[in-house]
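> Kindly return the folded structure for what I paste below:
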Amino acid sequence: MSTKNAVFVLDVNRNPCNPVHPAVARKLLSSGKAAVFRQYPFTIILKGESTDKVKELRIKIDPGAKFTGLALVSDTNIGWAAELEHRGFAIRDSLTSRRQQRRNRRQRKTRYRKPRFLNRRRPEGWLPPSLMSRVYNIQTWVNRLCKLAPVNAISQELVKFDTQKMVNPEVKGVEYQRGELLGYEVRQYLLEKFNHTCVYCGATDKPFNIDHFYPKSKGGSDKVSNLVLSCVDCNQAKSNKLPAEFLSDRLHILTKIDKQRRKPLADAAAVNATRWKLKQILENTGLPVELGSGGLTKYNRQRLRISKSHWTDAACVGDSTPDTLNVTGYQPLIIKAMGRGSRQMVKPDKYGFPRTSPKLRQKSFYGFQTGDIVKAVVTKGKKVGTYVGRVAVRKTGNFNIKTKTDTVQGISYKYCRHLHKSDGYAYSFGEVLEQVKSSKEVKSVQTQSPPKRFQGFHGQQLSLF
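Purely as a prediction, here's the structure:
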């Protein structure tokens, strides 16, 4: 099945034109009226000037801790979509490992050195590298899309979770007294934490309730660590039983739930910490920035009968979402942040001692660099075949190519040709979206009104619809 993800078009002066259907791009390429300009995202460049009237597009962004949804939307339909995978947690783990190794080395080498502290000054608005990497990834792709498509506005989902409300449900304040935020963040957070799945039976297509893992009648609290996602049937069957009593014949599930519900709020904290920094950077582009809430995104997605994913959430951000939006047949581009190599000269072992020789300062060999996407057509030898993937270069000229399925070693540079030069990201394609939500779910949404800021519930009622 052919997909409808748009192909970007540039004129002879590299000015962005209207994105076109892949079939139109194939005709332009086969007739010699255009050439391939960029492989990811696929872009063609015309050999003359375009006379078509430019239709302005809007970039929609659904930021997340691990994945960010991106979509280009016009007044009537969606043109291009992608899911951007961040490497913030990998950066955090690398920095933690480096810090531990340095402390260990200083303890061995300079045991009696006078302690030093408070000798660093952080600028205003400083964020850790693991968080700023998420912001920079989004900034990079917003700038790229502005160069490839006629973009005139940006929409960003700004507020997602309230971690203070999660930790202490009895928190007071003007916003909570008005009733706009009360309960929504907890509900939406649990949906994402447990992946829209009942923790007791694994059901995904039933109405859900929020269940107190340890019943309030037996000493349980309203803290988010004591709340789990449960289908209606399991919630009624459990009633006010203790977890060990209800799951006496499924102790492995009890252990799994107990571990999962105690997971820290790292994802929610990452989104909250970067949201205003991202807004500031987007405003620096000079384009008008529309802000939307998580409640409005969910309402739009259900109203339009669209299945949930990162890129479909992005398409539904803000009041600018069209009344009709057909996403059937679209295949998102999966973008994974890989970094641009390491400045570390010697790789240490787990104790901090060097385990390799110093690396060469040269990064490119025979015209190829680690991270390039290449196509190798091997015509002789034991590895005859065609391989497409990300390359790892070697000084010897025998490269490794990581394909979709495995890593092929020892491919000579003579068989390789460039498809896409290294830009710090790896690319693949997601599944083609063919299914939409059932009419029963849409009917329940049509009876609701769109939330002004957050559509939540009041008091201690914890039913989830």
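> From here on, just use CA atoms for contacts and neighbour counts.
Will do.
> how close does the residue sitting furthest away from the middle of the chain get to Thr324?
For the chain, the residue at maximal distance from the C-alpha centroid (C-alpha atoms, centre = their mean) is Tyr112, at 45.9 Å. Applying C-alpha to C-alpha, to the nearest Å, the value for Tyr112 to Thr324 is 70 Å.
> Contacts only, for the closest residue to Lys241 other than its chain neighbours.
In this structure, Lys241 finds its nearest non-sequential neighbour in Pro215, 7.0 Å apart by C-alpha to C-alpha, 6 or more residues apart in numbering. Contact partners of Pro215, counting by C-alpha atoms under 8 Å, 6 or more residues apart in numbering, are Ser221, Asn240, Lys241, Leu242.
> what would the residues you listed look like in CSV with distance to Ser230?
Formatted as CSV, the contacts of Pro215 follow (distance: C-alpha to C-alpha, whole Å):
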residue, distance to Ser230
Ser221, 17
Asn240, 13
Lys241, 14
Leu242, 15
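> For Ala273, state which of the residues you listed is nearest.
Ser221 (26.9 Å; C-alpha to C-alpha).
> so what's the closest one up against?
Per C-alpha under 8 Å, 6+ apart, neighbours of Ser221: His212, Tyr214, Pro215.
> Model confidence score at it, please.
Here, the pLDDT recorded for Ser221 equals 83.
> How is it assigned, secondary-structure-wise?
Three-state call for Ser221 (DSSP: H, G, I helix; E, B strand; the rest coil): coil.
> For Pro215, see how far away it is.
8 Å.
> Pro19 now?
Taken as C-alpha to C-alpha, the span from Pro19 to Pro215 is 55 Å.
> Check the offset of the helix ranked longest in the chain from the chain's centre.
Ranked by residue count under DSSP state H, the longest helix found in the chain is helix 88-109. In terms of C-alpha atoms, centre = their mean, to the nearest Å, the centre of helix 88-109 is found 26 Å from the chain centre.
> Now do that helix: which elements does it pack against?
helix 129-148 (3 or more C-alpha pairs under 8 Å, 6 or more residues apart in numbering; DSSP states H and E).
> Run through who's touching the helix it packs on.
Against helix 129-148 from outside (C-alpha under 8 Å, 6+ apart): 8-10, 15-17, 43, 59, 65, 68, 86-92, 151, 270, 273-274, 277-278, 281-282, 337.
> tilt between it and helix 88-109?
If you take axes from the mean of the first three to the mean of the last three C-alpha atoms, to 10 degrees, helix 129-148 sits at 140 degrees to helix 88-109.
> Render the CA-only coordinates of helix 129-148 in PDB, please.
Taking Å, rounded to 0.1, in the frame of the first residue of the first chain, the C-alpha atoms of helix 129-148 are listed here in PDB:
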ATOM      1  CA  PRO A 129      22.200  18.600  29.100                       C
ATOM      2  CA  SER A 130      19.900  15.600  29.200                       C
ATOM      3  CA  LEU A 131      16.900  18.000  29.100                       C
ATOM      4  CA  MET A 132      18.400  20.500  26.700                       C
ATOM      5  CA  SER A 133      19.000  17.700  24.200                       C
ATOM      6  CA  ARG A 134      15.300  17.300  23.900                       C
ATOM      7  CA  VAL A 135      14.800  21.000  23.300                       C
ATOM      8  CA  TYR A 136      17.600  21.100  20.700                       C
ATOM      9  CA  ASN A 137      16.300  18.100  18.900                       C
ATOM     10  CA  ILE A 138      12.900  19.800  18.400                       C
ATOM     11  CA  GLN A 139      14.500  23.100  17.500                       C
ATOM     12  CA  THR A 140      16.600  21.400  14.800                       C
ATOM     13  CA  TRP A 141      13.600  19.800  13.200                       C
ATOM     14  CA  VAL A 142      11.500  23.000  13.400                       C
ATOM     15  CA  ASN A 143      14.300  24.900  11.600                       C
ATOM     16  CA  ARG A 144      14.600  22.100   9.000                       C
ATOM     17  CA  LEU A 145      10.900  22.000   8.300                       C
ATOM     18  CA  CYS A 146      10.800  25.800   7.900                       C
ATOM     19  CA  LYS A 147      13.400  25.500   5.200                       C
ATOM     20  CA  LEU A 148      11.600  22.700   3.400                       C
END
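> Next secondary structure element downstream of it?
strand 151-159 (DSSP states H and E).
> What residues does Ile401 make contact with?
Tyr387, Val388, Gly389, Arg390, Val391, Ala392, Thr407, Val408, Gln409, Ile411.
> Mean confidence (pLDDT) on stretch 378-392, please.
91.
> wait, I meant stretch 146-161
Stretch 146-161 comes out at a mean pLDDT of 87.
> For beta bridges, what are the partners of the residue sitting nearest the centre point of the chain?
By C-alpha atoms, centre = their mean, the chain has its centre lying nearest to Phe67, at 1.1 Å. When bridges are called by DSSP bridges, Phe67 pairs up with Glu85.
> Then the one 4 residues further on?
Going by DSSP bridges, Ala71 is paired in beta bridges with Lys60, Ala81.
> now do Val374
Gly389, His418.
> residues near it, how many?
23 (other C-alpha atoms under 10 Å).
> Please apply the same query to the one 3 residues further on.
Taking other C-alpha under 10 Å as the criterion, the count of residues near Val377 is 17.
> again with Asn195
Neighbours of Asn195 (other C-alpha under 10 Å): 12.
> Next: the one 5 residues further on.
The local packing count at Tyr200 equals 19, with neighbours defined by other C-alpha under 10 Å.
> go on, Lys193?
Counted with other C-alpha under 10 Å, Lys193 comes out at 18.
> Just the pLDDT at it, thanks.
pLDDT, Lys193: 78.
> next one: Ser463
Ser463 is given a pLDDT of 28.
> Same question for Phe457.
Reported pLDDT for Phe457: 28.
> same deal with Tyr214?
90.
> next one: Gly179
pLDDT, read off for Gly179, is 43.
> do you know how far the residue nearest to the centre of the chain is from Lys259?
Counting by C-alpha to C-alpha, the gap from Phe67 to Lys259 is 23 Å.
> got it, and Asp93?
21 Å.
> repeat for Cys198
15 Å.
> One more: Ser217?
23 Å.
> quick revisit: considering the contacts of Ile401, which is situated nearest to Lys33?
Val388 (27.0 Å).
> chain center to the helix or strand hosting Asn400: distance?
In this assignment (DSSP H and E), Asn400 forms part of strand 398-402. Chain-centre distance of strand 398-402: 28 Å, with C-alpha atoms, centre = their mean.
> Tell me the first helix or strand C-terminal of that strand.
Trace forward from strand 398-402 with DSSP H and E and the next one is strand 407-412.
> Which residue ranges of the protein form helices?
Using DSSP H, helices in the chain cover 22-30, 88-109, 129-148, 163-167, 174-178, 184-193, 232-238, 243-246, 251-261, 266-283, 294-303, 310-315, 439-446.
> Which stretch among those is buried most, on average?
helix 310-315 (a mean of 27; mean count of other C-alpha atoms under 10 Å).
> which helices and strands does it pack with?
Helix 310-315 packs on strand 57-62, strand 67-73, strand 78-85, helix 294-303, going by 3+ C-alpha pairs under 8 Å, 6+ apart.
> In CSV, list the ones you listed along with mean pLDDT and distance to Val36.
Output for those, formatted as CSV (pLDDT from 0 to 100; distance: least, C-alpha to C-alpha, whole Å):
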stretch, mean pLDDT, distance to Val36
strand 57-62, 94, 22
strand 67-73, 93, 21
strand 78-85, 92, 18
helix 294-303, 85, 35
